[in-house]
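Student: using only what follows, build the 3D model:
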Amino acid sequence: MVLFYSLSNDQDDQREAATEFLSSRWSDVLEAGPVLALCSALSSSAWIAESFEVLNVEVDRTVRVRFAFEAKGLDKKSKPSGDRISGSAVAVIDVYDHVEFVDVEVA
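Tutor: Have a look, this model is predicted:
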């Protein structure tokens, strides 16, 4: 079911639906420019998306979901390296469920 057409007017329902929708897609933010640049600058060989939290949902012609996220770095032996990143982004979801990440911030 397309997210845009399945949303109710209730904020809690919107947040829950957005969380469910993004649960399998949010980790793609690790490939976004600012996140990729920071990850490349750190010593970890790989990164694992750990968690995300939907902060707010806005519905207009698209669904805009602001969320916070965390990821941890792994060394060459796939063990935790100690590197961690956190950030936020807006997932813009169109009426075809296409997702684009904008306003990506990472630290």
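
Student: and the contacts of the longest helix that the chain contains?
Tutor: Scanning the chain for the helix with the most residues, using DSSP state H, yields helix 11-22. Here helix 11-22 makes contact (Cβ atoms under 8 Å, 6 or more residues apart in numbering) with 3, 6-8, 52, 54, 56-57, 59, 63, 65, 67, 91, 93, 97, 99. To be clear about C-beta, it is placed using only N, CA and C from the backbone, and glycine gets the same treatment.

Student: now do the residue nearest the centre of the chain, the pLDDT please.
Tutor: Nearest to the mean C-alpha position of the chain, by Cα atoms, centre = their mean, lies Trp26 at 3.4 Å. Per-residue pLDDT puts Trp26 at 96.

Student: how near is it to Arg61?
Tutor: Between Trp26 and Arg61 the computed distance is 22 Å (Cβ to Cβ, to the nearest Å).

Student: buried residues in the longest helix of the chain?
Tutor: Judged by neighbour count (16 or more other Cβ atoms under 10 Å), helix 11-22 contains these buried residues: Gln14, Arg15, Ala17, Ala18, Thr19, Phe21, Leu22.
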